[in-house]
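S.K.: Sharing a sequence plus its predicted fold:
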Amino acid sequence: MSELIVPQRFCGPPDSGNGGWTAGALAALDDVDSPDNRCDSWPAIEVSLRQPPPLDTALQVSAEDGLLTASRDGAVVATARRADHDLREVEPVDPATATAAAASYPGHDFHPFPTCFACGTGREEGDGLRIFPGRVGGGHDGDLVAAGWTPHPSLHEDWHTYVDEHTRASLASTWAALDCIGGWAGDLTERLMVLGRMTARVDALPVIGEEHVVVGEGRGQDGRKTFTAATLYDADGRVVATAEHVWIAVDPALFGGRVPG
């Protein structure tokens, strides 16, 4: 039995955790599947969010038969297990195009959750990730969006088994960087959603201070569910991490968010 706490800094909606950060923090507790050196390659891990992750609250984490479960007062908040399928990466976008796309980020005009650690416009540089994706064309399955991202020193991995010549971002922050860009690829302005499930594979933790590109792709809808994917590339165009998401359409006001005027 261990504990998981989502600090206020890592909120998505104002009163609950960013889905990607929370999912990555839970995945980081998967001792069975973690590499000996935690900056090395991680297998694909699937995390399901059952309810909004509370902030600054100790969640009890238990492991049984390959399933990690984070609970509060006996109620399941999130579960994590090793994924049973391969992830399909999103095609790359060149850094100049990704950087320029930020000017067309829809969140500049309307954002349901401006407090969001990953994509919130209300977060300062060095506090939130400030990943602001704009549309850059079409992919194999839907719209492509992209953004540039340079990991800040405050995101450094501090796990005691972390060994590398480079300072790298934490696993939870890496998952967060892959999170909301999927929502914007699924048109978050028209279809207000929260993360329901995220599966991510991390090939290497991103290097602090190095420019990266994050690309998201819409992959269809089914009722209240929207399917998207995202891939993180380093400065040399190598895949750092990739993810697939399932989003659930909601009334953002129920999560302390905003609705279009």
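M.R.: Sure, I can see it. As the structure is a prediction and not an experimental result, all values here were calculated from the model.
S.K.: Count the neighbours of Cys180 for me.
M.R.: 31 (other CB atoms under 10 Å). In this view, the C-beta of every residue, glycine as well, is placed from N, C-alpha and C.
S.K.: shouldn't it be in contact with Cys116?
M.R.: Yes. Counting by CB atoms under 8 Å, Cys180 touches Cys116, with 6.3 Å between them.
S.K.: Nearest residue to Leu67 in space, ignoring adjacent ones along the chain?
M.R.: In space, and not counting its chain neighbours, Leu67 is closest to Arg81: 5.0 Å by CB to CB, 6 or more residues apart in numbering.
S.K.: Before we move on, what's the pLDDT of that neighbour?
M.R.: The model reports Arg81 with a pLDDT of 97.
S.K.: Now for it, which secondary structure element holds it?
M.R.: If you go by DSSP states H and E, Arg81 is part of strand 75-82.
S.K.: could you point out which element follows that strand?
M.R.: Tracing the chain C-terminally past strand 75-82 and defining elements by DSSP H and E, one meets helix 95-101 next.
S.K.: Which neighbours do Cys180 and Cys116 have in common?
M.R.: Between them, Cys180 and Cys116 share these contacting residues under CB atoms under 8 Å, 6 or more residues apart in numbering: 12, 18.
S.K.: what's in contact with the least confident helix or strand in the chain by mean pLDDT?
M.R.: None of the helices or strands of the chain scores lower by mean pLDDT, DSSP states H and E than strand 134-138, at a mean of 90. For strand 134-138, contacts defined as CB under 8 Å, 6+ apart pick out 93, 97-98, 100-106, 143-147, 215.
S.K.: what's the burial count for Arg88?
M.R.: By other CB under 10 Å, 13 other residues sit near Arg88.
S.K.: surely it meets Ala230?
M.R.: No. Between Arg88 and Ala230 there is no contact, the gap being 11.3 Å when judged by CB under 8 Å.
S.K.: contacting residues around the residue lying closest to Met193 once chain neighbours are set aside?
M.R.: Nearest residue to Met193, sequence neighbours excluded (CB to CB, 6+ apart): Trp247, at 3.9 Å. Trp247 makes contact with 182-183, 186, 193-196, 225-228 under the criterion CB under 8 Å, 6+ apart.
S.K.: Mind checking which of those residues land in strands?
M.R.: Judged by DSSP state E, the contacts of Trp247 include 193-196, 225-228 as members of strands.
S.K.: Tell me the most packed of these, by neighbour count.
M.R.: Busiest of the ones in strands among the contacts of Trp247 [other CB under 10 Å] is Thr228, holding 32 neighbours.
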